[in-house]
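Engineer: Have a look at this prediction, sequence included:
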Protein chains: 2
Amino acid sequence: MKKVVKFGGSSLASAEQFEKVGKIIRADEGRRFVVPSAPGRRFAGDTKVTDMLYDCYHQAQQGQDFSGTLANIKDRYDAIIRGLDLKLSLDEEFRIIDKNFHALVGEDYAASRGEYLNGLVMAAFLDYEFVDAADVIAFDEDGSFNAKKTDSLLSERLSGTECAVVPGFYGAKPDGSIHTFSRGGSDITGSLVARAIHADMYENWTDVSGFLMTDPRIVEDPVTISTITYREMRELSYMGATVLHEDAVFPLRNEGIPINVRNTNRPEDPGTMVVESTCNKPKYTITGIGGKKGFASITIEKAMMNSEVGFGRKVLQVFEDCGMTFEHTPSGIDTFSVYVNQHEFEPHEQQVIAGLHRMVHPDMIELESDLALIAVVGRGMRRTRGTAGRIFSALAHAHVNVKMIDQGSSELNIIIGVENRDFETAIRAIYDIFVISQL
Amino acid sequence: MKKVVKFGGSSLASAEQFEKVGKIIRADEGRRFVVPSAPGRRFAGDTKVTDMLYDCYHQAQQGQDFSGTLANIKDRYDAIIRGLDLKLSLDEEFRIIDKNFHALVGEDYAASRGEYLNGLVMAAFLDYEFVDAADVIAFDEDGSFNAKKTDSLLSERLSGTECAVVPGFYGAKPDGSIHTFSRGGSDITGSLVARAIHADMYENWTDVSGFLMTDPRIVEDPVTISTITYREMRELSYMGATVLHEDAVFPLRNEGIPINVRNTNRPEDPGTMVVESTCNKPKYTITGIGGKKGFASITIEKAMMNSEVGFGRKVLQVFEDCGMTFEHTPSGIDTFSVYVNQHEFEPHEQQVIAGLHRMVHPDMIELESDLALIAVVGRGMRRTRGTAGRIFSALAHAHVNVKMIDQGSSELNIIIGVENRDFETAIRAIYDIFVISQL
């Protein structure tokens, strides 16, 4: 059993957190490859080390004295080292950083030092081999990620290694200069490592016990999703749910490696398993509820449009010509609606209307804005009759005016359009009918 | 109050039916403009006069002796004339027809004589002026209908007329040769007359007491729709319900002239009113249920399709390039389905699949056939919360597997996709929940 375990910044913010992480890693000997983030916030109002590094580098860029700021950063690490009682000195590392900051080698270099240094601390703490990500995560000269080279570097470097720490977030270009992933970068590193070593499991340790069924700002204390498929996760993330970074999921998904999202502060919680597919019967009919506000709909009415070859294509052509994407195209008889992002639409409104008139000569065009889309997602919906009935009865009972319904043949989700102001009410009503009523 | 009253073939099949029609017309002095069809079937197995005329003309074309057939046709009219005790002889008319049939003046001429002669009988019976449709319904040389010329001819000719009979179904080209409308032609004549004289009402007298809420072959003795909007009627007719001919509706709709569909054999029934719009609160939430079998769905799956400008346009382009129209395009997240007529799709199947692969590089394409679409139509749905909930609960209860749901922003209809084999069950379940439960 080979597991790659990635720890987020809050799991590594202090010596106390490192101790928890150590216990977790030692509890399972499969946890042989560790991907640490940089130390995060220890308390509300605290500053993440990465942000301190950015500030420090900006001071350097402006020719200011940044020695105080850099000393504060060193203090963060030294506090962890002292707390863990490690025989490790970062003096030489900080001397090099100081030199490189003076030489203004780059913002990516600066940002990456948080993970780099934390990797050194973690390796010393666990007595694991340290593998600098700059040696195994490869970017091309133009900054684009080189998946093939990375995979070969990683698998070669880690093949003879029993236990290793690979810091997240960064890699290097062919000339050796440091380059970072965009946000969520440590997860990308983690998933690349997992793919390269053909891990049996990728564990993502954070400060929440997995993914919640819906937004906790809307529903108080929603239940945790125990198992979710990659597909469901993608659908929920698309609809605004905070899940894993898209780029971090694809390497794992292609290899069929499951992800377990766990809570460092509550290791007894099983967390959420993210899998390619599962026979595991879900506890609830639905897996999650996602949603976003801020859509607009453009409804085109034209008698007998259905018998007009090219009608729909021409309508979508108008949006394409404005460089716009669309979300859904629900249609009735003689009506065809296009749901778009309101912010994207507004600058093109008149161009779209004029284009539609020119291209399809509609009888009428109706615009509606301030709409929200809600996605009810769940593989369990496929085998449960009456899901749609329950959803729409619940929405009716909650006095929500349903503007649009779209259920394609995937049967994995139902998309519902409501007014922005009904958004929270609708999500609560759907959550209640599937979760609260079942509890 | 000016009404145009049109009578279908079965309402004018015999002297007995003519007597009923006479009573109806005399019961309301607004009924001043009458548009008759040709005599229809008097009993099951009887032949319509129009079909007899076609047969007769085909005999003429083949150089056969058609005198016997023509005599049978004359007998049909003479029986009506005798039964009504009219002082009218059609001897001269039939002599001219015989001559024109020998001269092979055209099939349209032959077909039109049923209405023409019935118009003469009707005018004599009612003591109304006879207006030959050849003088007032204008076609261009290429056979296309000339709306503008017709409107001016009709309004001029009928402006000084108190009461008139205008036979349905035909008109004439500029050279005077007879040309007919396609099927439903008498209704087109009726609606053109109504528009030209700015009628207050167009009455369409048939052998049914209006439109039924759904197909009587699926639901036993469904209720009659009391008021339906043009829009709703169009939607139901599109989904297979037998209603008025499309071309017959548009002239009236543009003028806002209501249609009353009545039963000649049950004049006491109020029938169905077809109106442009109404505040009339419908008795049931839904106005009607239409549906058709024989659709196929093509589902395209591709990760992150929603962020790809032009994705939907390209998909529809593939269908357009095959000369195909589509019915609906329900979409989820990462899926986009196209519902098409199965018979239209089958010859193009491989072309469409290849085109989709080439144009959008999908992750997967899934085909499903033998699907049916059901449209639940009703202006009442707009103001009634929970309609969708009731529909989908009823379908779940009836064990119907809902493949697709599409409700655009019109809120006038919900489109539901089911398997062909669930079609009747689904319609019955929806009818029951809205009508039987409410009775």
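Structural biologist: Received, thanks.
Engineer: Name the residue of the stretch 1-150 of chain A with the shortest distance to chain B.
Structural biologist: A:Ala147 (16.0 Å; CB to the nearest CB). All C-beta spots, glycine's among them, are computed from the backbone N, C-alpha and C.
Engineer: Show me the domain layout of chain A.
Structural biologist: A:3-197, A:288-436 (automatic domain parsing).
Engineer: So which of the ones you listed has the densest surroundings on average?
Structural biologist: domain A:288-436 (a mean of 20; mean count of other CB atoms under 10 Å in any protein chain shown).
Engineer: tell me how far the ends of it are from each other?
Structural biologist: End-to-end distance for domain A:288-436, by CA to CA, to the nearest Å: 14 Å.
Engineer: what's the answer for stretch A:299-309, then?
Structural biologist: Criterion CA to CA; first-to-last residue distance in stretch A:299-309 is 19 Å.
Engineer: now do stretch A:215-230
Structural biologist: 19 Å.
Engineer: does chain B sit close to that stretch?
Structural biologist: No. Using CB under 8 Å from any CB of the partner chain, stretch A:215-230 never reaches chain B; the gap is at least 9.7 Å.
Engineer: tell me which parts of the stretch 1-150 of chain A are close to chain B?
Structural biologist: Within the stretch 1-150 of chain A, not a single residue sits near chain B (CB under 8 Å from any CB).
Engineer: Check which helices and strands the lowest-mean-pLDDT helix or strand in chain A is in contact with.
Structural biologist: Here the helix or strand of chain A ranked lowest by mean pLDDT, DSSP states H and E is helix A:246-255, holding a mean of 80. On a contact count with 3 or more CB pairs under 8 Å, 6 or more residues apart in numbering or on different chains; DSSP states H and E, helix A:246-255 meets helix A:185-196, helix A:230-238.
Engineer: hmm, try it at 6 Å
Structural biologist: Packing partners of helix A:246-255 (3 or more CB pairs under 6 Å, 6 or more residues apart in numbering or on different chains; DSSP states H and E): helix A:185-196.
Engineer: average pLDDT across the helix it packs on?
Structural biologist: Helix A:185-196 carries an average pLDDT of 92.
Engineer: what residues does stretch A:294-307 touch?
Structural biologist: Stretch A:294-307 has contacts (CB atoms under 6 Å, 6 or more residues apart in numbering or on different chains) with A:311, A:334-340, A:342, A:345, A:362-369, A:371, A:373, B:325, B:409.
Engineer: ok, back up a step: could you check how far the least confident helix or strand of chain A is from the centre of its chain?
Structural biologist: 11 Å (CA atoms, centre = their mean, to the nearest Å).
Engineer: swap in stretch A:389-405?
Structural biologist: Put simply, stretch A:389-405 sits 29 Å off its chain's centre (CA atoms, centre = their mean).
Engineer: That stretch and chain B, are they touching?
Structural biologist: Yes. Counting by CB under 6 Å from any CB of the partner chain, chain B is contacted by stretch A:389-405 at A:389, A:392-393, A:396, A:403-405.
Engineer: what sits up against that stretch?
Structural biologist: The contact list for stretch A:389-405 (CB under 6 Å, 6+ apart) reads A:330, A:416-418, A:422, A:425-426, A:429-430, A:433, B:385-386, B:388-389, B:392-393, B:396, B:405, B:407, B:409.
Engineer: So which of the residues you listed belong to strands?
Structural biologist: Applying DSSP state E to the contacts of stretch A:389-405, the entries found in strands are A:416-418, B:405, B:407.
Engineer: Rank those residues by pLDDT and give me only the lowest.
Structural biologist: Among those, B:Gln407 has the lowest pLDDT, at 87.
Engineer: Ramachandran coordinates for A:Lys302?
Structural biologist: In terms of degrees, to the nearest 10, the main-chain angles of A:Lys302 are phi -160, psi 130.
Engineer: start to end distance for stretch A:230-244?
Structural biologist: 10 Å.
Engineer: Poorly predicted segments of the stretch 101-250 of chain A, please.
Structural biologist: For the stretch 101-250 of chain A, applying pLDDT under 70 flags the ranges A:183-184, A:242-243.
Engineer: what about 80?
Structural biologist: The stretch 101-250 of chain A contains residues with pLDDT under 80 at A:183-184, A:238-248, A:250.
Engineer: Format the residues of stretch A:389-405 next to chain B as a markdown table; extra columns: distance to A:Tyr54.
Structural biologist: Below are those laid out as a markdown table (distance: CB to CB, whole Å):
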| residue | distance to A:Tyr54 |
| --- | --- |
| A:Gly389 | 52 |
| A:Phe392 | 49 |
| A:Ser393 | 51 |
| A:Ala396 | 50 |
| A:Lys403 | 43 |
| A:Met404 | 43 |
| A:Ile405 | 46 |
